[in-house]
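Q: All I have is the shape, not the residue letters:
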């Protein structure tokens, strides 16, 4: 199949976004993202692009039909912080055709080379602080909020295009119930409290948004500093993301651990709004808003998306303390399921916390590079 890959600008963003509907047509597990959110992410109004640059590409067949899309991304903050001269590919969608995939990946490689970068990894949509990776295992259920869902054949397309898997990310499914675990968990919590009497865990307070936001940003940029792929959020990014998320969060299941008044750890669980988005078909307005308001009250699942503790407070049981308190509150609020994601494949401590909560590893994601 003769293929032409073209650089596009933001004026063609609708074609870029709408292609995913063609790719996942009839797939009951795919969750259409809000079109307005994808536009916001890729527009210059997103503070991420203050320290990054992008190039969008569309692939066309001989009849002018779109058969693939991809974005080339350079995050200069990532390069500076990680000391790694590498660019990203992201927002990859493609028909099941190896030649199309090869040309899309090559288009990004050539664009990165023009910007003096020879290495590439992804998918990052658009950064390591956003949706990351191809779905590698666990294709029999829909993704949780802010987690990717991609076709199984993408793995083969990436590998046959010369990319290799460089990192795996895990997702655990954890039951939300006050069951037999609680005897063991309460015993563990008593030990943690006895050994660390000055440490308390409290919930996030929307009324105290600015103060709690500052605490959360301090913990985030401290607790994850040495993690694979980590890059600190800028203040503008953090505020922008927080303003979007705070309307979706249930403050009963966002925990902040403190040593007296000093913030030392946090756990952020969000209701799985993908349950709602799946019913909106990408459009919130004009009528989707009524579905949104109706179905948000019926969400029974969570995604535990952030859990971290400052280095000097690790191995003290703080993660378990926050997890147990969040579990209790989640049960009170009527939630039934929780996904803990994503966890690095070498993050043994968090994997053990998930297993302590009787979590099951049920999805894996893979990051590929050259």
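A: Received the coordinates, thanks. All figures in this text were calculated on a predicted structure; none of them were measured in a lab.
Q: which stretches of the chain have low pLDDT?
A: Within the chain, the stretches with pLDDT under 70 are 1.
Q: Outline the domain layout of it.
A: The record's domain parsing of the chain by automatic domain parsing lists 4-168, 173-369.
Q: Kindly reformat these as JSON lines containing mean neighbour count.
A: From N, CA and C alone the C-beta is placed, and that goes for glycine too. Shown next, in JSON lines, are those (neighbours: other Cβ atoms under 10 Å):
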{"stretch": "domain 4-168", "mean neighbour count": "18"}
{"stretch": "domain 173-369", "mean neighbour count": "17"}
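Q: Show the backbone phi and psi for the nearest residue to residue 302 once chain neighbours are set aside.
A: Counting by Cβ to Cβ, 6 or more residues apart in numbering, residue 302 lies nearest to residue 338, which is 4.3 Å off, once chain neighbours are set aside. Note on residue 338: its backbone torsions stand at phi -150, psi 130 [degrees, to the nearest 10].
Q: Give the bridge partners for residue 338, please.
A: Under DSSP bridges, the beta-bridge partners of residue 338 are residue 174, residue 302.
Q: could we number from 36 for the rest of this?
A: Got it, first residue is 36 now, which makes that one residue 373.
Q: I figured it was touching residue 336, is that so?
A: Yes - here residue 373 reaches residue 336: they are 6.9 Å apart, a contact under Cβ atoms under 8 Å.
Q: Next up, phi/psi of the spatially most central residue of the chain, please.
A: Most central in the chain under Cα atoms, centre = their mean is residue 166, positioned 3.8 Å from the mean C-alpha point. Residue 166 adopts backbone torsions of phi -70, psi 130, taken as degrees, to the nearest 10.
Q: Hmm, residue 160 and it touching each other?
A: Yes - using Cβ under 8 Å, residue 166 is in contact with residue 160, at 4.1 Å.
Q: Give the residues shared as contacts by those two.
A: The contact sets of residue 166 and residue 160 overlap at residue 183 (Cβ atoms under 8 Å, 6 or more residues apart in numbering).
Q: any idea where the helices of the stretch 86-235 of the chain begin and end?
A: All helices of the stretch 86-235 of the chain, identified by DSSP state H, counting those that start in this stretch, fall at 111-117, 133-149, 188-195, 216-230.
Q: will you turn the ones you listed into CSV that also has distance to residue 330?
A: Shown next, in CSV, are the helices of the stretch 86-235 of the chain (distance: least, Cβ to Cβ, whole Å):
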stretch, distance to residue 330
helix 111-117, 36
helix 133-149, 35
helix 188-195, 29
helix 216-230, 30
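Q: residues making contact with stretch 110-125?
A: 83, 86-88, 105-109, 140, 143, 147, 150, 152-163, 264-267, 269, 404.
Q: Give me the subset of those residues that lies in strands.
A: Judged by DSSP state E, strands contain the following of these: 87-88, 105-109, 154-157, 159-160, 404.
Q: So what angle separates the directions of the host helix or strand of residue 357 and helix 216-230?
A: For residue 357, the host element (DSSP states H and E) is helix 353-367. Computed with axes from the mean of the first three to the mean of the last three Cα atoms, to 10 degrees, the direction of helix 353-367 lies at 140 degrees from that of helix 216-230.
Q: What distance do you get for residue 43 to residue 171?
A: Per Cβ to Cβ, to the nearest Å, residue 43 is found 29 Å from residue 171.
Q: for residue 209, same thing?
A: The gap separating residue 209 from residue 171 is 20 Å, by Cβ to Cβ.
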